[in-house]
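> What would the 3D arrangement of this be:
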Amino acid sequence: MTESKTQPSSDHRSLKPSHGILYGIGCGIGGSIFVLLGAGIDTAGSGILLSLFLGGILIFFTALNYAELSTSLPMAGGSYNFSKEGLGGFLAFIIGFFLWIANISACSFSAHTFALVIEEMLKRAGIASPPFYIVLLAIIVILFTSLVIFRTQKIATKSLIYLTIILLGIFGIFIFSGLVISQFTSNFDLTILSEPLNPIGIVSALPLLFIFFTSITSNLAYLNSNLKNPSKNIPKVNILTILIALVIYLTIAFVVLVNVNYPPSQLGNAPLLLPIILENILGPFGFIIMIFAALISTMIAINAALGSGVSIITALARDRYIPKKFKEVKKRAQMPALALLITVVIAIIFTYFAGIGLAAETTTFIYFFGLAFVNYAAVKLRRKRKELDRPFKAPFFPVLPYIISGTFLVFALFFFSTEAVLLGIIILSIGVGYFLLTISDRASKSLTLAGIKSLLVILISFSIWLINNFSVISPELVIINRILIVISVFIVGTVIFDIIPLREVVYFFIKKVDKGKVAINLGNSQIIEPGKTRSTFIHLMNFTFALLQIISGIIFFIISSLILNGEINITELTIGSTSIPQMTIYYLFNSILIIFGIVLVLSGILLWFTNRELKSFGI
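Alright, predicted model coming up:
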């Protein structure tokens, strides 16, 4: 692909640097500072200022590499394009897929935050809200925002910028009130700043709070191609956005520290921390405007996450990793409708199944991996594409990108919960499976699925054996295990027919039993006419196998949902003197069920369409 084809037209570069800075700040702030700041103070105490500063350094040096990549490759698709040009092939697709999911989980997190703020307001009013209604509200927010984006992308970008200006104005009131007006009240107290720092808490809080920064670089990469005079303005926008956002975060965190009225240990579950602090200073007016700020910030984050996610998936379609229909643009909205639709659908599914904590961890976990490889791609690209014009070059090459990449990988591997890591593995498995299936022919796809299904049958059988022999079995779990055994036996049969198609088996017996049906002999080869009855039987059996695989996959999803909702309990495993914790078994078993369900649905769909195509040819 030549540079002339990848560079956007100057007609589309309509955004000023100030617009880019406001866009980046708005995307970064999101709703995370309202929900996670209290948990960060609980973890690190006053050391949260140092945690934020270290996070700012990491993202600042990453932004330098992004600036170099964006000025040398000013095209739509952002981080994915950098990976494609620097790493190419499989890694490029996986990173693009990962970053698409990261935007979806960021969208889910922001929607959960919006719903959580509403829930806390209702609690203060004495109104109880069932959990399902809160999840439904989060889904409605995603749908509403997607409809705004779908109308026109240009309006969505301008709306985000205007909302960011309002948000910054409210934060200005919060900071002024917390630093100046609060000194005339009993709230202002510097005692917490004199407490000893906790190094472990500081390091632990960094990955928790890094979601404050993750959306800045990724969304600026999405917007960079639309900036006027990109070679000059992209570095300026990236650097200034990070610095301004860091100052805002540090100032707000400082204001909270010196105005909080209860011990840090009680801040972990305080989603309305900022509104409560401003309420203590300004009264009900302070509470209302900060609630308004929380709702605005979450809407901005949802808007930006959906836009960035759509940009990535259209870039994947452009490079033919996924069907080209995903990049087709609706003329009136100037937005690829199918790309937006699939992004919204996956975001809704993610929101329904994943809580706010898991959504936040998953977002940061995936971004750590994505940012690690993007930093590495900057090194590879400078060595691989020396001919590229680089108006801006990141300093300390290649030592700094390697250090930043290594730091991100260490945090990704050692500082996240088991469930976040397992969910990341599931997402990676889906991406790898899709890549393998799309680059191969139909026969190879069937063989690949057969191998994956065989492995999963072994894993599910081993899991059932462990649970039956080394765990406390409830009556519900006994029934579930029997259902899984029946499905596994059926899947073994489908594996056989994936390797040796049913049609080939029928043809074999025709040649042995009814040689008259051999229509033409071509040396060692033969053309066989099975007859209408046998052909109908083959098609009917294949459709049955396809439908049963899809149904089996849905059953796996239902069982996983029952376990996730606590309807089915799995206790810890005790093997001799060794105990495997309940949560580890819980998430491992669920991971196998979810992956198995996805594979069965894909296998069923593939068999369905293959059989339908053969039937249409009269074969």
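> For Ala221, the count of nearby residues, please.
30 (other CB atoms under 10 Å). Any C-beta I mention is one placed from the backbone N, CA and C, and that applies to glycine too.
> Apologies, that question was intended for Arg482.
11.
> Wait, a strand at it?
No: under DSSP: H, G, I helix; E, B strand; the rest coil, Arg482 falls outside any strand and is assigned helix.
> any idea how far it lies from Leu49?
56 Å (CB to CB, to the nearest Å).
> Same check on Ile234?
29 Å.
> Same question for Gly309.
Following CB to CB, the distance that separates Gly309 from Leu49 is 32 Å.
> neighbour-wise, which of these two wins?
Gly309 (28 against 21).
> Skip the chain neighbours and tell me the closest residue to that one.
Asn103 (3.7 Å; CB to CB, 6 or more residues apart in numbering).
> Assess the claim that the one you found and Asn303 are in contact.
No: Asn103 lies out of contact with Asn303 (CB atoms under 8 Å); the separation is 11.4 Å.
> With neighbour numbers in mind, choose between the two.
Shown here are Asn103 and Asn303; by other CB under 10 Å, Asn103 has more neighbours (30 against 24).
> and that one, what does it touch?
Contact analysis of Asn103 by CB atoms under 8 Å, 6 or more residues apart in numbering lists 218, 305-306, 308-309, 312, 343.
> Would you mind writing the CA trace of stretch 54-65 as PDB?
Below are the C-alpha coordinates for stretch 54-65, written out as PDB (Å, rounded to 0.1, in the frame of the first residue of the first chain):
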ATOM      1  CA  LEU A  54       4.200   7.600  37.300                       C
ATOM      2  CA  GLY A  55       1.300   6.700  35.100                       C
ATOM      3  CA  GLY A  56       1.600  10.100  33.400                       C
ATOM      4  CA  ILE A  57       5.300   9.400  32.700                       C
ATOM      5  CA  LEU A  58       4.500   6.100  31.100                       C
ATOM      6  CA  ILE A  59       1.700   7.500  28.900                       C
ATOM      7  CA  PHE A  60       3.800  10.600  28.100                       C
ATOM      8  CA  PHE A  61       6.700   8.600  26.600                       C
ATOM      9  CA  THR A  62       4.100   6.400  24.800                       C
ATOM     10  CA  ALA A  63       2.600   9.600  23.400                       C
ATOM     11  CA  LEU A  64       6.000  10.600  21.900                       C
ATOM     12  CA  ASN A  65       6.100   7.300  20.000                       C
END
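> which residues in the protein form strands?
For the chain, the strands defined by DSSP state E cover 518-522, 525-528, 573-575, 578-580.
> Neighbours of the spatially closest residue to Tyr66 that is not a sequence neighbour, how many?
In space, and not counting its chain neighbours, Tyr66 is closest to Thr217: 5.1 Å by CB to CB, 6+ apart. Thr217 has 29 neighbours, counted by other CB under 10 Å.
> how much space between Thr217 and Ile322?
Distance of Thr217 to Ile322, computed by CB to CB: 24 Å.
> With Met583 instead?
Between Met583 and Ile322 the computed distance is 35 Å (CB to CB).
> out of the two, which sits in the busier spot?
Between Met583 and Ile322, Ile322 has the larger neighbour count (other CB under 10 Å), namely 22 against 13.
> Now the more buried one: closest residue in space that isn't a chain neighbour?
Nearest one to Ile322, counting by CB to CB, 6+ apart, is Leu316 at 5.0 Å.
> Model confidence for that neighbour, exactly?
Listed pLDDT for Leu316 reads 87.
> I figured it hits Phe326, correct?
Yes: contact criterion CB under 8 Å: Leu316 and Phe326 qualify, at 7.4 Å.
> separation between the closest residue to Ile59 other than its chain neighbours and Gly28?
Computed as CB to CB, 6+ apart, the closest residue to Ile59 that is not its neighbour in sequence is Phe213, at 4.0 Å. Distance, Phe213 to Gly28, by CB to CB: 6 Å.
> which neighbours do the two share?
By CB under 8 Å, 6+ apart, the residues touching both Phe213 and Gly28 are Ala245.
> rewinding a little: what's the distance between the residue nearest to Ile59 and Leu206?
Counting by CB to CB, the separation of Phe213 from Leu206 is 10 Å.
> now do Tyr586
Distance from Tyr586 to Leu206, by CB to CB: 27 Å.
> cool, Ser129 as well?
From Ser129 to Leu206 the distance is 33 Å (CB to CB).
> Which of those two has more residues huddled nearby?
The neighbour comparison of Ser129 against Leu206 (other CB under 10 Å) goes to Leu206, with 24 against 15.
> Quick check: chain neighbours aside, which residue is closest to that one?
Ser51 (4.8 Å).
> Residues contacting stretch 130-144, please?
Under CB under 8 Å, 6+ apart, the answer for stretch 130-144 is 107-108, 111-112, 114-116, 118-119, 298-299, 302, 306, 344, 347-348, 351-352.
> Going through the residues you listed, which ones are buried?
107-108, 111-112, 114-116, 118-119, 298-299, 302, 306, 344, 347-348, 351 (16 or more other CB atoms under 10 Å).
> What about the residues you listed, which are in helices?
107-108, 111-112, 114-116, 118-119, 298-299, 302, 306, 344, 347-348, 351 (DSSP state H).
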